[in-house]
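J.: coordinates only, sequence not included:
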Ligand SMILES: Nc1ncnc2c1ncn2[C@@H]1O[C@H](COP(=O)(O)OP(=O)(O)OP(=O)(O)O)[C@@H](O)[C@H]1O
């Protein structure tokens, strides 16, 4: 299991006549095997943070270490799932999952077997031969998750992965993600706008301030004995955490109109 450490991470973008600081001095530690949720107002640098973790972008200053190693680019120790499915339309679900395995040295038969296993893990074993246009939005996103898990990354990075889905599908996938997380023990970083989703999924929820994004607070989500979703949502701790995060988000300067 792998930890993630951000130390003084700043990312600025040069605009036409000014500089935009998306993230400013972010310090964060995510424990090995943790499901860490990041929330923040629009423009607080959540996607920028995920791109930096994925190695798709590099910080202007500061350092990111994953499993003790400095991040300087993309790597097979990290799987990424974006809001849009990013599946290749001309490949079947099976072939899309195999795609993630083509970069490592597995044989064709091994790739086929691993892709099957992971389609099974997301409940899509019967849809292996279907093309993306034959699948619902939720199914496509499950294929994308299977693809990211198939090459067995240490860390799963998810940028609003359920944001484009209807409420019922979203709830089903949240439950499936918790199940996969418990079964695989991966370190997961999950970005969302949705406070209920954050509290339901997160074992920690880190709240960012509005631009420039800084860590406002990391809230430990401590909900005992979650027998089911309904049970978790009914607990007084759920309401307390929800209220705490709502308050942290809404006391941001942007919302008060003073920043
Ligand atoms: N490549 C870029 N060039 C210039 N500015 C950028 C670039 N990428 C992000 N930004 C700016 O950085 C800030 C943070 O953007 P980012 O997309 O990370 O925020 P976010 O919290 O993910 O927002 P949202 O919740 O709306 O998706 C924004 O002001 C955005 O305009």
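T.: All right, it came through fine. What you are looking at is a predicted structure, and each value in this text was computed from that prediction instead of being measured.
J.: Secondary structure element holding the closest residue to the ligand within the stretch 151-259 of the chain?
T.: Proximity to the ligand, evaluated over the stretch 151-259 of the chain using CB to the nearest ligand atom, is greatest for residue 211 at 5.4 Å. In this view, the C-beta of every residue, glycine as well, is placed from N, C-alpha and C. Taking DSSP states H and E as the definition, residue 211 sits outside all helices and strands.
J.: Just the pLDDT for it.
T.: Looking at residue 211, its pLDDT reads 83.
J.: One more: residue 123?
T.: The score at residue 123 is 88. That number is its pLDDT.
J.: For it, give its distance to residue 235.
T.: To residue 235, residue 123 is 27 Å away according to CB to CB, to the nearest Å.
J.: Next up, identify which helix or strand the residue nearest to residue 242 when sequence neighbours are not counted is on.
T.: Setting aside the residues directly before and after it, residue 242 is nearest to residue 199 in space (CB to CB, 6 or more residues apart in numbering), at 5.2 Å. Residue 199 belongs to helix 195-201 when elements are defined using DSSP H and E.
J.: Flag every buried residue along that helix.
T.: Residues of helix 195-201 classed as buried by neighbour count (16 or more other CB atoms under 10 Å): 195, 197-201.
J.: Repeat that for stretch 186-197.
T.: By 16+ other CB under 10 Å, the buried positions in stretch 186-197 come out as 186-192, 194-195, 197.
J.: Widest-spaced pair of those?
T.: Maximum pairwise distance in the buried residues of stretch 186-197, criterion CB to CB, is 23.5 Å, between 186 and 195.
J.: burial count for the residue nearest to residue 54 when sequence neighbours are not counted?
T.: Among residues not flanking residue 54 along the chain, residue 80 sits closest, at 4.8 Å (CB to CB, 6+ apart). Residue 80 has 23 neighbouring residues, counting by other CB atoms under 10 Å.
J.: Is residue 87 part of a helix or strand, or is it coil?
T.: Secondary structure state of residue 87, per DSSP: H, G, I helix; E, B strand; the rest coil, is coil.
J.: what pLDDT does it get?
T.: For residue 87, the pLDDT comes out at 90.
J.: who's in contact with it?
T.: Applying CB atoms under 8 Å, 6 or more residues apart in numbering, we find residue 87 in contact with 93, 96, 132, 140, 143-144, 147.
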